[in-house]
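A.B. asks: Let's see this in three dimensions:
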Amino acid sequence: MREAPLFYTALALSLLLGAAAAYTGVSPIRLLFTAGIVGAVGTPLGLAMLLTVSADKRLMNGHTLPLGLKAAGWIITIAISLLSAVYFYQLLAGS
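C.D. replies: Numbers count the residues shown, from 1 in each chain. Model prediction:
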């Protein structure tokens, strides 16, 4: 616990939040649905931010990603963004 207090605090808060959701009668299906939406928005944004930071020579002290890894990262980010767009389309179209 001494080596990673923020990690264990986040873990405990997550556990308490999950227990509170279970006892308040929130539908687990609704929670999964909401988590899917948050993941569909957050994943491409998080990847884009990580790739942007990893390409900045000043922030990375000159140790940026090699071109191949950078290209692969952006290809994956674009693919996940497209999949998220399809997810939202299906969600809104009701199919």
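
A.B. asks: Sketch out the low-pLDDT regions of this protein for me.
C.D. replies: The model of the chain has pLDDT under 70 over residues 1, 95.

A.B. asks: Arg30 versus Gly36, what's the distance?
C.D. replies: Separation of Gly36 from Arg30 (CB to CB, to the nearest Å): 11 Å. All C-beta spots, glycine's among them, are computed from the backbone N, C-alpha and C.

A.B. asks: So for these two, which residue has more residues nearby?
C.D. replies: Of the pair Gly36 and Arg30, Gly36 is the one with more neighbours under other CB atoms under 10 Å, namely 13 against 10.

A.B. asks: can you count the residues close to the nearest residue to the more buried one once chain neighbours are set aside?
C.D. replies: Nearest residue to Gly36 in three dimensions, chain neighbours excluded: Tyr87, at 7.3 Å (CB to CB, 6 or more residues apart in numbering). For Tyr87, the neighbour count with other CB under 10 Å is 15.

A.B. asks: now Ser54
C.D. replies: By the measure other CB under 10 Å, the count of residues near Ser54 is 15.

A.B. asks: can you tell me which residues contact it?
C.D. replies: Residues near Ser54 by CB atoms under 8 Å, 6 or more residues apart in numbering: 60, 64-65, 70, 73.

A.B. asks: For those residues, which two are the farthest from each other?
C.D. replies: Comparing every pair within those by CB to CB identifies Met60 and Gly73 as the most remote, at 13.8 Å.

A.B. asks: Specify which residue of these two has the higher count of neighbours.
C.D. replies: Legend: neighbour count by other CB under 10 Å for Met60 and Gly73, higher for Gly73 (17 against 12).

A.B. asks: quick one: Pro66 and Thr52, what's the gap?
C.D. replies: In this view, Pro66 and Thr52 are 16 Å apart by CB to CB.
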